[in-house]
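Turn this into a model:
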Amino acid sequence: MQKEGSSSTLSNISLTSRASELDSQKKKEVEELPHNHHGFHWLVCAVLIVGDMAGGGLVALPSSFVNSGLWAGIAMTIISAFLSAYTGVQLGDNWLMMQERWSEYKESCRKPYPEMGFRALGRGGRILVSIIITVQQFGLSVVFLLLASNNISSFLFAFWQLKINFCFIALVVAVFISPFLMLGSAKDFWQAGFVAMCSTCVAVILMIVGIIHDWGKCAPEVDFPPVVFNKFFLAYGTIMFAYGGHSVFPSFQHDMKTPKDFATSVISGYILILIMYLPVSVLGYLVYGGSQGGTIITSLQLTWVQQTVNVLITVHVVFTQVIICSPLSLQIEEIFKVPNKFGLRRVIVRLIIVLCVLFTALSIPKFGPILDLIGGTTITMLTMLLPAIFNLFLVASTKKWKESTGGQWTPQEVSIYASISDVFRYNSWWILLLNLFVLAFGIIGGVASTLSAVVELINTEWELPCYVELFMGKLQFNGDGGGVSCCGVNQDIVTLKGVDPYGFCAALTSNTTITTTTAFYS
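From the prediction side, this is the model:
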């Protein structure tokens, strides 16, 4: 009997030891940071971040200095970069907390940002983020399609005198990008981000070359317009657009080999973006001032520089289209239960998205005024407001979860959400203050920018849709052959030798409309 009792005791000890070992192993799995062996390196992620934002922002940002003034423009550009990078890092922290608490996020997830809203605030958070991302990504897709089509139209006329309306080119561009849009997620098209980043870097160098060429004659005659209240806050919307890549950040991090390195990708990407933005914006303001149109590109008087930059920006826009359409496509595929692999259903859904983007572009050829509205609303929310709010609630709920469960899996843990009192209880005071500052900056700037954009929308003269003009027989080429916004108060100063201002400067040429990149950012 004693032997049997001893054997039973040893058996119990063995079982207890085994259970303790399993608990330790489970806890280790919970706390272990995920590692995706098929993902990409943090440096590739940084390239994707630059490729996602830099080109469109480079086109739009310099003109914002005209609306805000030099020093305010520099300050807002730097502050927005810092705060935007900070919220980008917070998005990364949010995703790591989610992967720690819910094992399904270590596997495939087609809409990580909406899921972040769900885990922070519940079903309402998921629905809110899904709607905002859909509106933003669709709007940007339309703007980029119009931008690329107009640039190609003007380029063809400038060098080969081919008069092709941008509406027809939009059809060609839509067909060209459609095969690339069939790719799955960021890990399948990181090369697009690399091409977009390289084209933008070369465009920055050429812009600086063009500005330096015009410096001698333009800088002495530069005109700085006074800062007007509503224009100042339009500048905020433009700057938000320049840093508006957060909607795809969680998708990038989800496809990384080591998601914990996402903060390194964000910081590296933003440093490079700021290096691109500031020199072009500051030099452009000092040399051209108020003579800029909606972008600095049409102020460059060296024709080969201007048109090469247009081509490079077009290349960037086309490949960025692949990046920004991914979250939109994945969300819609999730709604219709499309398998997460290439197949007929994916092709049908994504072709429908392309057709909807194309139809909207042809219906609203002058989409620029809506861009400031997008920047003041959806981009401000996705870039400034929601990351900070989600972080406060997820940090609080995670600490609350660890207190109640010891960091172990329990059936009740899914229902653990943080209340507002928990937010103040579990977050450190300096994080609370910094996040509240981010929220105040985003709310004040976003509301003011939105109101200014609404005023601009009311005062905008809308054009007829392309297909209506075609039906009426009025669809004609409206390119300018690379028209230049010449510098000086009267926009009539030419820096090229032997060139007559009449016929060269857009302001002195009758019936000339700048239809390159300015059309969408003015």
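
now for the lengthiest helix in the chain, which elements pack on it?
For the chain, the helix with the greatest residue count under DSSP state H is helix 123-160. Applying 3 or more CB pairs under 8 Å, 6 or more residues apart in numbering; DSSP states H and E, we find helix 123-160 packed against helix 42-68, helix 112-121, helix 166-177, helix 303-335, helix 344-363, helix 368-374, helix 386-405. C-beta coordinates here come from the backbone N, C-alpha and C atoms, glycine included.

can we see that at 7 Å?
helix 112-121, helix 166-177, helix 303-335, helix 344-363, helix 368-374 (3 or more CB pairs under 7 Å, 6 or more residues apart in numbering; DSSP states H and E).

now it, how far from the centre of its chain.
Chain-centre distance of helix 123-160: 11 Å, with CA atoms, centre = their mean, to the nearest Å.

Next, the angle from that helix to helix 166-177.
Compare the direction of helix 123-160 with that of helix 166-177 by axes from the mean of the first three to the mean of the last three CA atoms, to 10 degrees and you get 120 degrees.

tell me the mean pLDDT for helix 123-160?
Here helix 123-160 scores 83 as its mean pLDDT.

Deepest in the core, which of the helices and strands packed on helix 123-160 is it.
Among the helices and strands packed on helix 123-160, ranked by average contacts under mean count of other CB atoms under 10 Å, first place goes to helix 112-121 (a mean of 24).

Can you spell out which helices and strands pack onto it?
When contacts are defined as 3+ CB pairs under 7 Å, 6+ apart, helix 112-121 packs onto helix 70-101, helix 123-160, helix 249-254, helix 386-405.

Could you say which of these is packed most deeply?
With neighbours defined as mean count of other CB under 10 Å, these peak in mean count at helix 249-254, which reaches a mean of 28.

So Val317 versus Ile335, what's the distance?
Separation of Val317 from Ile335 (CB to CB, to the nearest Å): 27 Å.

again, but for Val489
For Val489, the distance to Ile335 (CB to CB) stands at 54 Å.

And for Ser281?
40 Å.

quick one on the thing from earlier: any idea of the angle the longest helix of the chain forms with helix 112-121?
Using the same axes, to 10 degrees: helix 123-160 against helix 112-121 is 150 degrees.

before we move on, the earlier item: reformat the helices and strands packed on helix 123-160 as CSV; add distance to Thr398.
CSV is the format used below for the helices and strands packed on helix 123-160 (distance: least, CB to CB, whole Å):
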stretch, distance to Thr398
helix 112-121, 10
helix 166-177, 40
helix 303-335, 25
helix 344-363, 35
helix 368-374, 32
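
So for Leu508, which of those helices sits nearest?
helix 303-335 (16.6 Å; CB to CB).

could you give the angle of the closest one to helix 42-68?
Going by the same axes, to 10 degrees, helix 303-335 makes 120 degrees with helix 42-68.

Would you mind getting the angle between helix 303-335 and helix 344-363?
Using the same axes, to 10 degrees: helix 303-335 against helix 344-363 is 130 degrees.

In terms of secondary structure, what does helix 303-335 contact?
Counting contacts by 3+ CB pairs under 7 Å, 6+ apart, helix 303-335 is packed against helix 42-68, helix 123-160, helix 166-177, helix 190-218, helix 344-363.

got the contact list for stretch 45-57?
Applying CB atoms under 7 Å, 6 or more residues apart in numbering, the contact partners of stretch 45-57 are 144, 186, 190, 192-194, 196-197, 200, 241-245, 248, 252, 256, 262, 265-266, 268-269, 272-273, 276-277, 313, 316-317, 319-320, 323-324.

which of the helices and strands packed on helix 123-160 has the lowest average pLDDT?
Of all the helices and strands packed on helix 123-160, the minimum mean pLDDT falls on helix 368-374 (a mean of 69).

which helices and strands does the helix or strand just after that helix pack with?
Downstream of helix 368-374, the next assigned helix or strand under DSSP states H and E is helix 380. Using 3+ CB pairs under 7 Å, 6+ apart as the contact test, the elements touching helix 380 are helix 429-459.

what comes up buried for the helix it packs on?
By 16 or more other CB atoms under 10 Å, the buried positions in helix 429-459 come out as 435, 438, 441-442, 445-446, 448-450, 452-453, 456.

with those residues in mind, which one is nearest to Lys111?
Proximity of the buried residues of helix 429-459 to Lys111 (CB to CB) peaks at Gly442, which lies at 22.7 Å.

which one is the closest one nearest to, not counting chain neighbours?
Closest residue to Gly442 apart from its sequence neighbours, by CB to CB, 6 or more residues apart in numbering: Met384 at 3.0 Å.
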